[in-house]
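In: let's see this in three dimensions:
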Amino acid sequence: MTRINQELLNRIVTKSGLSKRQVYRLIEDKTREMNLERNLAVLKVASDYKINTAKYTKPEDFLTIRGSLYPIQKSVGALPSSINPIIRKPKKVIEPIILDLVKVKNSELRDILERDIAELNLARSQGLDKTAKTCMVLCGSIIEALLLERLSQDLPKSVATASLLATKRSGKLSNNPEEWDLADLITVAINFPTPLLPDDASTGAHQLRHWRNLIHPGRELKEARNKRIRPTRERANNAIAYLQFISKELQ
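Out: Got it, this is the predicted structure:
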């Protein structure tokens, strides 16, 4: 029988206010409901209580849990077994990307971040040659969410900084950071009274912004034609490195 991570179990008890016996019962229910091993069912229970499970989860665990959520239907018209599914079990274990989300106060943003980090790890497990664009775009999206969260935590200074910047250029930013684009978020973070990002991190952040914009087909065509920029394994690796570096700087 697979073992349940006791640290995670205790976090569920604390967050839910339930007894260990009751939490074990939830885990057993989840094993039957999703046809999972107990060590994976506890991850799903923790996720239900908005607990960040990234540090307890291996890349192949994401695949198994996602397969339980979205099983391949065995019905008329289904792909024959001779055809490999799009998502395959990784050939080797890859250490998952784990970002510290402890200071993320906005529960909705935390849900978005946990989802995107999980999808980024899932994409990496399939091989960067196949998922370069996915990884590059997701890294940019995650950085945008982290910057939005950090600037929203100190809203008066963020709005004051944005207002000051508006006097140096045409146009004025809204008082709501949720309406700012990624370029605005980066610029405000750099020009904060005490800069939230050092110069070298801001360079990486803007590069992630350019790569994130490859989500637009027209932009991808233009960048490929004029600047020879296209999704590649090397750029995906750099995007992940920038993400980890900038995330630590924002802490």
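
In: how far away is the closest residue in space to Glu220 that isn't next to it in sequence from Lys172?
Out: Nearest non-adjacent residue to Glu220, counting by Cβ to Cβ, 6 or more residues apart in numbering: Leu214, 4.7 Å away. The C-beta positions use only the backbone N, C-alpha and C, and glycine is treated the same way. Per Cβ to Cβ, to the nearest Å, Leu214 is found 29 Å from Lys172.

In: who's more crowded, the two?
Out: The neighbour comparison of Leu214 against Lys172 (other Cβ atoms under 10 Å) goes to Leu214, with 21 against 11.

In: quick one: mean pLDDT over stretch 187-197.
Out: Stretch 187-197 carries an average pLDDT of 91.

In: list the buried residues for the helix or strand harbouring Ala241?
Out: Following DSSP states H and E, one finds Ala241 within helix 233-250. For helix 233-250, burial by neighbour count (16 or more other Cβ atoms under 10 Å) applies to Arg235, Ala236, Asn238, Ala239, Ile240, Tyr242, Leu243, Ile246, Ser247, Glu249, Leu250.

In: which one of those residues is nearest Glu149?
Out: Closest approach between these and Glu149, by Cβ to Cβ: Leu250, at 8.6 Å.

In: tell me the pLDDT at that closest one?
Out: Reported pLDDT for Leu250: 89.

In: which residues does it contact?
Out: Neighbouring residues of Leu250 by Cβ atoms under 8 Å, 6 or more residues apart in numbering: Leu146, Leu147, Arg150, Ala189, Leu196, Leu197.

In: I figured the residue nearest to Glu220 hits Met136, correct?
Out: Yes - between Leu214 and Met136 a contact is recorded at 6.4 Å, counting by Cβ atoms under 8 Å.

In: mind listing the shared neighbours of the two?
Out: Taking Cβ under 8 Å, 6+ apart as the criterion, Leu214 and Met136 both touch Pro231.

In: how about the closest residue to Ser247 other than its chain neighbours, secondary structure?
Out: Among residues not flanking Ser247 along the chain, Leu99 sits closest, at 4.9 Å (Cβ to Cβ, 6+ apart). Here Leu99 is recorded as coil under DSSP: H, G, I helix; E, B strand; the rest coil.

In: what are the phi and psi angles of Leu99?
Out: When read as degrees, to the nearest 10, the backbone of Leu99 gives phi -110, psi 140.

In: what of Gln126?
Out: Dihedral pair for Gln126: phi -90, psi -10, per degrees, to the nearest 10.

In: related to what we said a few turns ago, helix, strand or coil for the residue nearest to Glu220?
Out: Using three-state DSSP, the secondary structure recorded for Leu214 is helix.

In: and it, what pLDDT?
Out: Per-residue confidence (pLDDT) for Leu214: 90.

In: contacts only, for it.
Out: Listed by Cβ under 8 Å, 6+ apart, the contact set of Leu214 reads Lys133, Met136, Val137, Glu220, Glu223, Ile229, Arg230, Pro231.

In: tabulate these in TSV, adding columns for secondary structure, distance to Pro156 and neighbour count.
Out: Output for the contacts of Leu214, formatted as TSV (DSSP: H, G, I helix; E, B strand; the rest coil; distance: Cβ to Cβ, whole Å; neighbours: other Cβ atoms under 10 Å):
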residue	secondary structure	distance to Pro156	neighbour count
Lys133	helix	38	18
Met136	helix	34	30
Val137	helix	32	22
Glu220	helix	38	16
Glu223	helix	37	17
Ile229	coil	38	16
Arg230	coil	42	14
Pro231	coil	39	20
